[in-house]
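Visitor: Task: produce atomic coordinates for the following.
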Amino acid sequence: MAKEANNRYSLDFGKKERVLNYACQTYQLSRPNKVGAVMALIRDCQPNTFEEWETWYFENARTEGKNSFKITHESLTELGERLYEKITEVVIPEWEEAFRQLTKDDCIAYIYNLTINRTYDGYLREKSVINDGLAKLFPDVVFEESDPELDHAGDIDYVAKVCDKAIGIQIKPVTAKANFGSYSLTERMKASFADFTERYGGKVFVVFSLDKEIANKEVVDEIREEIERLKGVS
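Guide: All right, here's what the predicted structure looks like:
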């Protein structure tokens with residue numbers, strides 16, 4: 001058992017990993033509507049061996065959504081083929097064009113913009129969503145910036161304290177043309193959110209900001225329901 005726990009089963013794709021990860025995330029090929037809710041599935045399985053998990057997955061995994069279907073070896077192979085097509089037909093040509101046009105000034109401006117401009121934009125966005133939005137909607141809840149360790153490990157921007165428990169808030173920017181409905185949590189983030197809930201009792205909510213206002217208005221009602229639930233169990 002100890003040997004099993006110390007093994008790593010993830011494949012090493014070397015330098016290709018970045019390209020594969022970028023394309024897979026960009027074209028949403030690892031979302032629950034494609035491969036199922038894998039973290040929830042493996043927690044239901046509680047496997048003792050890799051083989052047990054692999055067998056259980058193909059016996060029980062289904063895609064999420066309206067057109068749900070049972071996941072098979074063939075359906076995963078098809079996703080891999082689609083990934084290859086996207087990389088070779090779209091990603092590589094786009095990157096080759098970007099490489100040809102890239103200048104030293106672009107790199108200098110990018111670093112400066114990423115470090116200074118985007119950080120300030122994010123700071124203003126977070127402050128506005130919390131101070132002008134959620135804090136006014138829920139005046140009896142204390143909103144605090146998460147400590148750096150929690151922010152890094154759990155992807156939590158703010159902690160909303162409700163009695164002796166807490167709700168997590170993650171704030172994401174969204175442009176006017178973006179569809180935040182297509183946003184998908186990574187499996188790492190799902191695990192981080194689950195750890196937060198286990199530690200603090202409350203769920204984590206992703207709040208999308210558009211022009212410093214809450215874009216996904218429905219999240220407000222979801223937060224309100226969670227606050228009432230936590231008050232009832234405290």
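
Visitor: neighbours of Val162, just the number please.
Guide: 22 (other C-beta atoms under 10 Å). The C-beta positions use only the backbone N, C-alpha and C, and glycine is treated the same way.

Visitor: tell me the pLDDT at it?
Guide: Here, the pLDDT recorded for Val162 equals 92.

Visitor: what secondary structure does Ile169 sit in?
Guide: Recorded secondary structure, Ile169: strand (DSSP: H, G, I helix; E, B strand; the rest coil).

Visitor: And Val206, by the same measure?
Guide: Following three-state DSSP, the label given to Val206 is strand.

Visitor: measure it to Leu124 for me?
Guide: Relative to Leu124, Val206 is positioned 19 Å away (C-beta to C-beta, to the nearest Å).

Visitor: Over to Ile42?
Guide: Ile42 is 39 Å from Leu124, by C-beta to C-beta.

Visitor: give me the low-pLDDT residue ranges for the protein?
Guide: 1-7, 149-154, 175-184, 234 (pLDDT under 70).

Visitor: what about the strands in it?
Guide: Using DSSP state E, the strands of the chain run over 142-145, 158-162, 165-173, 201-210, 213-214.

Visitor: So for Glu89, which of these sits nearest?
Guide: In terms of C-beta to C-beta, the element of the strands of the chain nearest to Glu89 is strand 165-173, at 29.0 Å.

Visitor: other SSEs contacting the closest one?
Guide: Here strand 165-173 touches helix 118-129, strand 158-162, helix 187-200, strand 201-210, helix 218-233, going by 3 or more C-beta pairs under 8 Å, 6 or more residues apart in numbering; DSSP states H and E.

Visitor: Out of those, flag the one nearest Val35.
Guide: helix 187-200 (9.9 Å).

Visitor: From Thr55, how far out is the closest residue to Leu76 other than its chain neighbours?
Guide: For Leu76, ignoring the flanking residues on the chain, the nearest one in space by C-beta to C-beta, 6 or more residues apart in numbering is Val35 at 7.1 Å. For Val35, the distance to Thr55 equals 16 Å [C-beta to C-beta].

Visitor: Of those two, give the one with the bigger neighbour count.
Guide: Higher neighbour count among Val35 and Thr55: Val35, with 19 against 13, using other C-beta under 10 Å.

Visitor: Next up, the contacts around the more buried one.
Guide: Under the criterion of C-beta atoms under 8 Å, 6 or more residues apart in numbering, the contact list for Val35 reads 61, 63, 71, 76, 79.

Visitor: Please apply the same query to Thr72.
Guide: Thr72 sits in contact with Phe58, where contact means C-beta under 8 Å, 6+ apart.

Visitor: re earlier: figure out which of the strands of the chain is closest to Glu94.
Guide: Of the strands of the chain, nearest to Glu94 by C-beta to C-beta is strand 165-173, at 22.3 Å.

Visitor: I'd like to check which residues are in contact with the residue nearest to the spatial centre of the chain.
Guide: Nearest residue to the geometric centre of the chain (C-alpha atoms, centre = their mean): Leu185, 2.4 Å. By C-beta under 8 Å, 6+ apart, Leu185 lies in contact with 193, 206.

Visitor: Now Val201: closest residue in space that isn't a chain neighbour?
Guide: Residue 201: Gly, not Val. Lys165 (3.7 Å).

Visitor: follow-up on the earlier one: looking at Ile42 and Leu124, which has the bigger crowd around it?
Guide: Higher neighbour count among Ile42 and Leu124: Ile42, with 15 against 12, using other C-beta under 10 Å.

Visitor: The more buried one touches Trp53, doesn't it?
Guide: Yes: under the criterion of C-beta atoms under 8 Å, Ile42 makes contact with Trp53 at 6.0 Å.
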